[in-house]
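Visitor: Pasting a predicted model and its sequence here:
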2 protein chains.
Amino acid sequence: MTQPDARTRLLDAAINVIRAQGYSATTVDDLCRTAGVTKGAFFHHFASKDAMAVAAAQHWTDVTAPIFAAAPYHARPEPARRVLDYVALRKAMLTDRSPAEFSCLAGTMAQETYDTHPEIRDACGASILGHAQTLIPDIQAALDASGRTTLSARSLAIFAQSTLQGAFVLAKAGGDPTIAADCCDHLTRYLEQLFAKEPTP
Amino acid sequence: MTQPDARTRLLDAAINVIRAQGYSATTVDDLCRTAGVTKGAFFHHFASKDAMAVAAAQHWTDVTAPIFAAAPYHARPEPARRVLDYVALRKAMLTDRSPAEFSCLAGTMAQETYDTHPEIRDACGASILGHAQTLIPDIQAALDASGRTTLSARSLAIFAQSTLQGAFVLAKAGGDPTIAADCCDHLTRYLEQLFAKEPTP
DNA sequence: GACGACATACCAACCAGTTGGTATGTACAC
DNA sequence: GTGTACATACCAACTGGTTGGTATGTCGTC
């Protein structure tokens, strides 16, 4: 029942508030209020707002990675099935939730900071590409099994992440989270076609 | 040789500055400086910064729509070819350019404002979905020709836009515009597969 | 008694928006 | 054709609230 320490509470607040408002529109006071700490605590743990953003990107990875690492699809024997079940999990994770809950902190922050705050952008890039990296072995195995040897597993892993990021943007812009679910279905269809045997009969 | 009026210069400045810095991080003074006008002129033409953002989303549509309307792919006889050439054009438009130059104003602003500024979000949504709308007739005809009657042309048009938006995000986060070009290739491959004859022999 | 983890009080810079103007045009009366 | 009334487009200086950041203090623990 004990609360996590102020640093963790601030990083958790950052995840939620920044995904809803964006990085620039989020003030240090916003985060302190949400986390229930004072400004003194904020600047005790982080040298600046920007330094907090870098830590938040890392925290985002620390929070989300275990969810995927523990997901049941890893137990599936066929690599193609594992990849498709990963997408199905992503779809399930955004169903009946608002964009602030299901969208990606790293993608949101990267959009705003890529040109003006290189350290934040790099932290966000590392989070997204690092996650993509975890998909490569299964994708590679699935491509090998289907005979699609000309395709790059890394490129396909990045495409999957890009599809999800785009789905978040469209869901936000369209004011309709089901758009994102639809995009997952298209991604699934694309992967099913790639993983099907004998591409050129 | 006469310069466009202050209002147009401000909206052009908004397109460039906001795509590089994001909406919240862009100050009214930033836009005035870039446009070469004073703050008085800004608030003469726009009631508020937010009202300017709504006008900028419309201006974005006004500037970009003619580019696609005039593109040569419309002359192609096969609908599938028209759709694939559209994607090829999108890919060409982002080659050898920086994200600030090729990314989408509406997508960038929607990310930051969807939860806090409904009018801006709706203007951005209208811009993106309005553009998607223009693709539907060709996509529908291509799906009809390939016998893919169960797929929604609208859903596929939105997926194409979402793929592009995601490509922008990944290109920014990864610090590498070629990621976006790669994503266009995957989208092309997906569409080629859908538009191929006889899906279930 | 020193150090880490916070809290309180405060500041200088900045920002959206306002105020009070000027310059130019234009429509109409006389 | 010229004086009056009004509109549009723009400018420079100012304002009050906000923001990231700091200086200093307190409390519990080792």
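Guide: Thanks, I have the structure now. Numbers count the residues shown, from 1 in each chain, chains lettered A, B, ... in the order given.
Visitor: The longest helix anywhere in chain A close to chain B?
Guide: Assignment by DSSP state H gives helix A:118-146 as the longest helix of chain A. Yes - interface with chain B: helix A:118-146 contributes A:R121, A:D122, A:C124, A:G125, A:I128, A:L129 (CB under 8 Å from any CB of the partner chain). From N, CA and C alone the C-beta is placed, and that goes for glycine too.
Visitor: ok, the following helix or strand past that helix near chain B or not?
Guide: Following helix A:118-146 in sequence order, the next helix or strand is helix A:153-174 (DSSP states H and E). Yes - taking CB under 8 Å from any CB as the criterion, helix A:153-174 and chain B are in contact, through A:155-156, A:158-159, A:161-167, A:169-170, A:172-174.
Visitor: Helix A:153-174 to helix B:118-146, inter-axis angle?
Guide: With axes from the mean of the first three to the mean of the last three CA atoms, to 10 degrees defining the directions, helix A:153-174 sits at 130 degrees from helix B:118-146.
Visitor: next helix or strand past helix A:153-174?
Guide: The first helix or strand that comes after helix A:153-174 along the chain, using DSSP H and E, is helix A:178-195.
Visitor: What is the neighbour count of the nearest residue to A:S127 once chain neighbours are set aside?
Guide: Of all residues not flanking A:S127 in the chain, A:A106 sits nearest, at 4.1 Å (CB to CB, 6 or more residues apart in numbering or on different chains). Neighbour count of A:A106, defined by other CB atoms under 10 Å in any protein chain shown: 29.
Visitor: quick one, what contacts A:A106?
Guide: Taking CB atoms under 8 Å, 6 or more residues apart in numbering or on different chains, we find A:A106 in contact with A:A57, A:W60, A:T61, A:A123, A:C124, A:G125, A:S127, A:I128, B:A173.
Visitor: can I assume the second one is in contact with A:N16?
Guide: No - with contact defined as CB atoms under 8 Å, A:W60 does not count as touching A:N16 (11.0 Å).
Visitor: Can you give me the distance of the residue lying closest to A:T95 once chain neighbours are set aside to B:Y190?
Guide: Excluding its sequence neighbours, the residue lying closest to A:T95 (CB to CB, 6+ apart) is A:A181, at 6.0 Å. Counting by CB to CB, to the nearest Å, the separation of A:A181 from B:Y190 is 17 Å.
Visitor: how many neighbours does the closest residue to A:Q133 other than its chain neighbours have?
Guide: Spatial nearest neighbour of A:Q133, chain neighbours left out: A:A157 (7.2 Å); criterion: CB to CB, 6+ apart. For A:A157, the neighbour count with other CB under 10 Å is 22.
Visitor: so who does A:A157 touch?
Guide: Applying CB under 8 Å, 6+ apart to A:A157 gives the contacts A:A132, A:Q133, A:L135, A:I136, A:I139.
Visitor: More neighbours: A:A181 and B:Y190, which one.
Guide: Between A:A181 and B:Y190, counting by other CB under 10 Å, B:Y190 is the more crowded of the two (24 against 17).
Visitor: Okay, that one and DNA strand D: tell me how far apart.
Guide: Separation of B:Y190 from DNA strand D (CB to the nearest atom of the strand, to the nearest Å) stands at 41 Å.
Visitor: ok, that residue touching A:T188?
Guide: No - the criterion here is CB under 8 Å, and B:Y190 misses it with A:T188 at 11.0 Å.
Visitor: among the contacts of A:A157, which ones are buried?
Guide: In the contacts of A:A157, burial by neighbour count holds for A:A132, A:L135, A:I136, A:I139, counting by 16 or more other CB atoms under 10 Å in any protein chain shown.
Visitor: which residues touch the third one?
Guide: Taking CB under 8 Å, 6+ apart as the contact definition, A:I136 lies against A:A153, A:R154, A:A157.
Visitor: In CSV: the residues you listed, plus pLDDT.
Guide: Below are the contacts of A:I136 laid out as CSV (pLDDT from 0 to 100):
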residue, pLDDT
A:A153, 97
A:R154, 97
A:A157, 98
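Visitor: quick one: which of those residues is nearest to A:T27?
Guide: For the contacts of A:I136, the closest approach to A:T27 (CB to CB) belongs to A:A157, at 35.6 Å.
Visitor: which phi and psi does the residue nearest the centre of chain A have?
Guide: Residue closest to the mean C-alpha point of chain A, counted by CA atoms, centre = their mean, is A:C104 at 4.4 Å. Torsion angles at A:C104 (phi, psi; degrees, to the nearest 10) stand at phi -100, psi 120.
Visitor: my guess is it meets A:Q165, correct?
Guide: Yes - using CB under 8 Å, A:C104 is in contact with A:Q165, at 6.3 Å.
Visitor: Need the overlap of contacts for these two.
Guide: Residues touching both A:C104 and A:Q165 (CB under 8 Å, 6+ apart): A:I128.
Visitor: on that earlier part again, would you turn the contacts of A:A157 into TSV with pLDDT and distance to B:C32?
Guide: Below are those laid out as TSV (pLDDT from 0 to 100; distance: CB to CB, whole Å):
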residue	pLDDT	distance to B:C32
A:A132	98	40
A:Q133	97	44
A:L135	98	46
A:I136	98	47
A:I139	98	49
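Visitor: Would you point out the most distant pair within the residues you listed?
Guide: Using CB to CB, the contacts of A:A157 span at most 10.7 Å, a distance reached by A:Q133 and A:I139.
Visitor: quick revisit: now the two most distant members of the residues of helix A:153-174 next to chain B.
Guide: Farthest pair in the residues of helix A:153-174 next to chain B, by CB to CB: A:S155 and A:G174, 27.4 Å.
Visitor: between those two, which one's more packed in?
Guide: A:G174 (24 against 17).
Visitor: if I read this right, the more buried one contacts B:A126, doesn't it?
Guide: No - the criterion here is CB under 8 Å, and A:G174 misses it with B:A126 at 9.6 Å.
Visitor: how many neighbours does the closest residue to DNA strand C within chain A have?
Guide: Distance from DNA strand C to each residue of chain A (CB to the nearest atom of the strand) is smallest for A:G40, at 2.3 Å. Around A:G40 sit 10 other residues, with neighbours defined as other CB under 10 Å.
Visitor: what phi and what psi does the backbone show at it?
Guide: Dihedral angles (degrees, to the nearest 10) for A:G40: phi -60, psi -40.
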